[in-house]
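Asks: Give me a 3D structure for the following:
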Amino acid sequence: MLKLNKFKKIFFLVLYYGIACRLPNISFPGGKVYNWFRILCLKKIIKIGDGCRIMAGVYIGDGNDIEIGNNCNINEGVRLDNVKIGNNVMIARESVFLGKMHEFKNISIPMIEQGIKGKKFTIIEDDVWIGIRTIVMPGITIKKGSIIAAGAVLTKDTSTNGIYGGIPARLIKERE
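Replies: This next block holds a predicted model:
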């Protein structure tokens, strides 16, 4: 049974990356059908809620350690790695969520041979808006109601209803 599930996951990964991921977005004529097909494939690979819109070119790696809640909108070219996304989350194009970092402490060994530090899980709570081309470092928690401005590099957890921007991202103001 375990082998069958693994084969099924590999089949849908190939189907997702080979066809579904390359179909036009929801704004294209017939786009709702393309989105439905993308979601159908993704539900066989990852845990994903209802009412989501997943655009073309969203990268999920092998699908391990990725979870998407209800009513989320994930735009083109987003890269997800070790991330749990809550409900009602909007992620703009080409945003990147890192799930791990390279080891680099020993200067006598090339960094490429030092391996990877342990995986860190990023959590995006409910009702979050992440702007275009944002980078989120591993292990960050983006609290409920947060907004991350376009182009920000988020290196620390956010506060509830905080608006963050810059490199590294800093609190700009609180939503009222």
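
Asks: what residue of the protein is the furthest out?
Replies: Relative to the centre of the chain, and counting by CA atoms, centre = their mean, the farthest-placed residue is residue 108 at 34.5 Å.

Asks: Which stretches in this protein count as helices?
Replies: 2-18, 31-43 (DSSP state H).

Asks: tilt between the lowest-mean-pLDDT helix or strand in the chain and helix 31-43?
Replies: Within the chain, confidence by mean pLDDT, DSSP states H and E is lowest for helix 2-18 among all helices and strands, at a mean of 87. Per axes from the mean of the first three to the mean of the last three CA atoms, to 10 degrees, the angle that helix 2-18 makes with helix 31-43 is 150 degrees.

Asks: What are the buried residues along stretch 49-68?
Replies: The neighbour-count check on stretch 49-68 (16 or more other CB atoms under 10 Å) flags 49, 52-58, 60, 63, 65-68 as buried. Heads up, the C-betas are built off the backbone N, CA and C, glycines and all.

Asks: Skipping adjacent residues, who's closest to residue 22 in space?
Replies: residue 56 (6.4 Å; CB to CB, 6 or more residues apart in numbering).

Asks: I'd say that neighbour and residue 28 touch.
Replies: No - using CB atoms under 8 Å, residue 56 is not in contact with residue 28, being 9.1 Å away.

Asks: Now list whatever residues contact both of these two.
Replies: Residues touching both residue 56 and residue 28 (CB atoms under 8 Å, 6 or more residues apart in numbering) are residue 34.

Asks: about what we covered before: among the buried residues of stretch 49-68, which are located in strands?
Replies: 53, 54, 66, 67, 68 (DSSP state E).

Asks: any idea how far residue 142 is from the third one?
Replies: Computed with CB to CB, to the nearest Å, the distance linking residue 66 and residue 142 is 15 Å.

Asks: do the fourth one as well
Replies: From residue 67 over to residue 142 the distance is 14 Å, taken as CB to CB.

Asks: likewise the second one?
Replies: Computed as CB to CB, the residue 54 to residue 142 distance reads 19 Å.

Asks: could I get stretch 30-46 in PDB with only the CA atoms?
Replies: This file holds the C-alpha atoms of stretch 30-46, laid out as PDB (Å, rounded to 0.1, in the frame of the first residue of the first chain):
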ATOM      1  CA  GLY A  30     -11.100  28.800 -19.600                       C
ATOM      2  CA  GLY A  31      -8.900  29.700 -16.700                       C
ATOM      3  CA  LYS A  32     -11.300  28.300 -14.100                       C
ATOM      4  CA  VAL A  33     -10.900  24.900 -15.700                       C
ATOM      5  CA  TYR A  34      -7.100  25.200 -15.600                       C
ATOM      6  CA  ASN A  35      -7.200  26.200 -12.000                       C
ATOM      7  CA  TRP A  36      -9.500  23.300 -11.200                       C
ATOM      8  CA  PHE A  37      -7.000  20.900 -12.900                       C
ATOM      9  CA  ARG A  38      -4.000  22.400 -11.000                       C
ATOM     10  CA  ILE A  39      -5.900  22.000  -7.700                       C
ATOM     11  CA  LEU A  40      -6.900  18.400  -8.600                       C
ATOM     12  CA  CYS A  41      -3.300  17.500  -9.100                       C
ATOM     13  CA  LEU A  42      -2.000  19.400  -6.000                       C
ATOM     14  CA  LYS A  43      -4.600  17.700  -3.700                       C
ATOM     15  CA  LYS A  44      -3.000  14.300  -4.600                       C
ATOM     16  CA  ILE A  45       0.400  15.700  -3.500                       C
ATOM     17  CA  ILE A  46      -0.100  18.200  -0.700                       C
END
